[in-house]
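J.: here is the input, now give the coordinates:
(one chain, ligands or ions: 1)
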Amino acid sequence: MMFQCHVCGSKESNTTYVTEVFRIGDKFYLVENILAKVCANCGEEVFSREATENIRAMLYGEGEPS
Ligand SMILES: [Zn+2]
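T.: Have a look, this model is predicted:
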């Protein structure tokens, strides 16, 4: 799938690992080493769908199957 930044529209990106804080309800979770694409133009971080799903599954535990 081709990258396109949803902020600035750039198609240039760098793949890297980032640390991000996710908020679920009133709790905050620090997740390290998330594979992400970072816009080469504006620095916006874009997570793959797989990465996002993995993080959600991890944070919610054996919760709801999607
Ligand atoms: Zn951008």
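J.: so for the residue nearest to E12 when sequence neighbours are not counted, what's the pLDDT?
T.: Residue nearest to E12 in three dimensions, not counting chain neighbours: A40, with 3.8 Å by C-beta to C-beta, 6 or more residues apart in numbering. For the C-beta atoms, the positions are set from N, CA and C on the backbone; glycine is no exception. A40 is assigned a predicted lDDT (pLDDT) of 97.
J.: my guess is A40 contacts T16, does it?
T.: No. The pair A40 and T16 fails to qualify as a contact (C-beta atoms under 8 Å) at a distance of 10.9 Å.
J.: who has more neighbours out of these two?
T.: Neighbours per residue, other C-beta atoms under 10 Å: of A40 and T16, the larger number sits with A40, 15 against 11.
J.: give me the element A36 is part of.
T.: strand 27-39 (DSSP states H and E).
J.: residue contacts, S13?
T.: By C-beta atoms under 8 Å, 6 or more residues apart in numbering, the contact list for S13 reads 3, 5, 37-40, 46.
J.: E50 belongs to a helix?
T.: Yes. Membership of E50 in a helix is supported by DSSP: H, G, I helix; E, B strand; the rest coil.
J.: number of residues surrounding it?
T.: Neighbours of E50 using other C-beta under 10 Å come to 9.
J.: gap between it and the ion?
T.: As judged by C-beta to the ion, to the nearest Å, E50 and the ion stand 21 Å apart.
J.: same question, T16
T.: 14 Å.
J.: quickly list what that residue is bridged to.
T.: A36 (DSSP bridges).
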